[in-house]
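sequence unavailable; structure follows:
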Ligand code: SF4
């Protein structure tokens, strides 16, 4: 189950994670819907490209620029949060949406928890693989913590001061 | 001052509701302490030695009398009848209980206050020149920009989990009173040749374990572009700042590692994409916010008030206070008054509920209902008629807020230290008290003149000891509390990092060490030369040589502090020193 478009839905994508013994060149990518690490994508691009559906995911230290040429290949791009306090994924999401112009599914994976979902959503994530030990229905509530925001971001490209008539000094 | 509109209110109220829910999930065990810790820090809530500490934001140090009354109320209802003003112009309550915190935040929200982002690895409360709007040397009032940046940084979705905390300071005057050189980003409002307003931007300054003076990354960023520019800086930092080592995670380390040219190149490459975009500040928005900071209705008054002059020559106490605690104002007939929170025997920066209520009354009576908190941990009434100074002095004396020591040796900047802070190596408050008692003589203090003494209980440097003319740092030697002394640090336009004079001292030795440093100064100074200028002229060796020339006596009864308890080190059941126990 994941949260997608503000709803809890079934999900049949699997995320491929390399173990110490795996090499990106030789690891076998199962059939079906698989989200592969960037390293595997880069190593096995030629064969993976022909699949009907494929996803790729980035570590928080990886440069999303590497995806630019292949964007059209992906049904989903994942961004990993190794710990929820590692905030690099937010800037990666910004890059993927803003600089690469990716419009498809952007999925947060890893240490994905209710109290960060609002920020993630603002940065352009639209799918959330909430950490398995947490109640996903509870986590859903995190998406509506705030009904108003100050600054421009991916979900809201205009800052508050350009969107509404703010209150001024009362005369 | 800035007033919330419906949007500000809604955002703050929703934040309180969010945190109320997080607290209840913590209390029910749904959230682990590890998960909760980071959430509570972003709401200003620390776990200290004795209890939770709540740090409330005072945006750019400015408060209304209503807000000050709220602090007094919180102190009475939820704490032990006092609060502590910090070097970031905030206020801290040391004894709050977790289940009460959402209620405290609700009460704060009712007077347009909050504790958002006063801790955690996010953009912190933006500090500002405490004399903004009234200083004679001001080019542009920085507060509208500080408020615009406050809103931009509040719950910025991309920057809630930076590698480390991130501090801005901003000044609009020629004299830097906001210590912009030792902040992650320092902004100085400047005008270019065409008279257009913009910002000189410094980056990578900071204190802590590795003190660094900030480097100029841009000499002029037009005011319209300041959000997109600083956003580019923080974005580069968020991606490339180190996350593997807590002590190397501040932006200063990244800037050093890349070099300023490369760092600037990356920032400007990023900025190319956002410059001129929706983040660009509009004239309408600047005007809307700036209108809140327009000058109050000053009266037309004579430049000099005859009554003040007369009383000054009659009354030495008043003259001392005028000399130290009263600052010039840009409007004739007005002055800014510093209420000293550095009375001997009181922890520097502490104010009781009673004092806070009284300050609110004084602000209403004498200063258009506004109060400022300084990064030197004092209170300022910025807009006082000179003809009211005598009455204000009398009232402040009654409250214990008129110690004429602003800028002098006993105007000590001091962190909470080992009495409260779980990170401390040593106690700082009892040492500040001991020093204040040893050097209490006001004539002596006035003779020594301006000197910044800063005491931090550990290398985190909350009391900015590196930029004290004399800095004292608590260090741990085999579980005992020791103090390292440095000299030659300075804040302001000509900042410098102090140099350690040698091996550290015990608690009971510190006052004698200070006395020796001052002796060297008194013998070497020219006329009105300040301590720091003498250090700069003659170098630090004469000071060091004299201090270590003969054994320094260890005063084991110093200030009545229980020496054995001090030596035993942490933990303490109760803060060793507080006037209210
Ligand atoms: S300097 Fe150290 S001891 Fe003092 S308040 Fe900061 S962290 Fe605590």
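Received the coordinates, thanks. The shown structure was predicted, so the numbers you read here are calculated from the model rather than taken from an experiment. Numbers count the residues shown, from 1 in each chain, chains lettered A, B, ... in the order given.

residue numbers of chain B in contact with the ligand?
For chain B, the residues in contact with the ligand (Cβ under 6 Å from any ligand atom) are B:415-417, B:421, B:423-424, B:456-458, B:460-462. The C-beta positions use only the backbone N, C-alpha and C, and glycine is treated the same way.

okay if I get these as a markdown table plus distance to chain A, secondary structure and neighbour count?
Converted to a markdown table, those look like this (distance: Cβ to the nearest Cβ, whole Å; DSSP: H, G, I helix; E, B strand; the rest coil; neighbours: other Cβ atoms under 10 Å in any protein chain shown):
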| residue | distance to chain A | secondary structure | neighbour count |
| --- | --- | --- | --- |
| B:415 | 25 | coil | 30 |
| B:416 | 25 | coil | 27 |
| B:417 | 27 | helix | 29 |
| B:421 | 22 | coil | 22 |
| B:423 | 19 | coil | 16 |
| B:424 | 24 | coil | 24 |
| B:456 | 26 | strand | 31 |
| B:457 | 26 | coil | 31 |
| B:458 | 23 | coil | 23 |
| B:460 | 19 | coil | 16 |
| B:461 | 23 | coil | 22 |
| B:462 | 22 | coil | 24 |
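
from these, which single one is nearest residue B:57?
The nearest member of these to residue B:57, counting by Cβ to Cβ, is residue B:462 at 16.1 Å.

pLDDT value on that closest one, please?
Note on residue B:462: pLDDT of 91.

try residue B:553
89.

surely residue A:42 touches residue A:66?
Yes: if you go by Cβ atoms under 8 Å, residue A:42 and residue A:66 touch, sitting 6.8 Å apart.

relative to chain A, how far out is residue B:409?
42 Å (Cβ to the nearest Cβ, to the nearest Å).

surely that residue and residue B:450 touch.
No: between residue B:409 and residue B:450 there is no contact under Cβ under 8 Å: 9.1 Å.

which of these two has more neighbours?
Neighbour comparison, residue B:409 and residue B:450: the larger count goes to residue B:409, with 25 against 16 (by other Cβ atoms under 10 Å in any protein chain shown).

what strand or helix carries the more buried one?
For residue B:409, there is no host helix or strand (DSSP states H and E).

residues in contact with it?
Going by Cβ atoms under 8 Å, 6 or more residues apart in numbering or on different chains, residue B:409 touches B:435, B:439, B:445, B:448, B:451, B:453, B:514, B:518.

which one of those sits closest to residue B:196?
residue B:451 (39.1 Å).

can you pull the contacts of that closest one?
For residue B:451, the residues meeting the contact criterion (Cβ under 8 Å, 6+ apart) are B:407-409, B:469-470, B:530-532.

residue B:358 now?
B:395, B:399.

kindly report the same for residue B:221.
By Cβ under 8 Å, 6+ apart, the residues touching residue B:221 are B:198-199, B:201, B:229.

same list (those residues) but as CSV, adding neighbour count, distance to residue B:257 and pLDDT.
Putting the contacts of residue B:221 into CSV (neighbours: other Cβ atoms under 10 Å in any protein chain shown; distance: Cβ to Cβ, whole Å; pLDDT from 0 to 100) gives the following:
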residue, neighbour count, distance to residue B:257, pLDDT
B:198, 22, 28, 98
B:199, 26, 25, 98
B:201, 25, 19, 98
B:229, 25, 21, 98
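
from the residues you listed, which single one is nearest residue B:3?
Proximity of the contacts of residue B:221 to residue B:3 was ranked by Cβ to Cβ; the top entry is residue B:199 with 25.0 Å.
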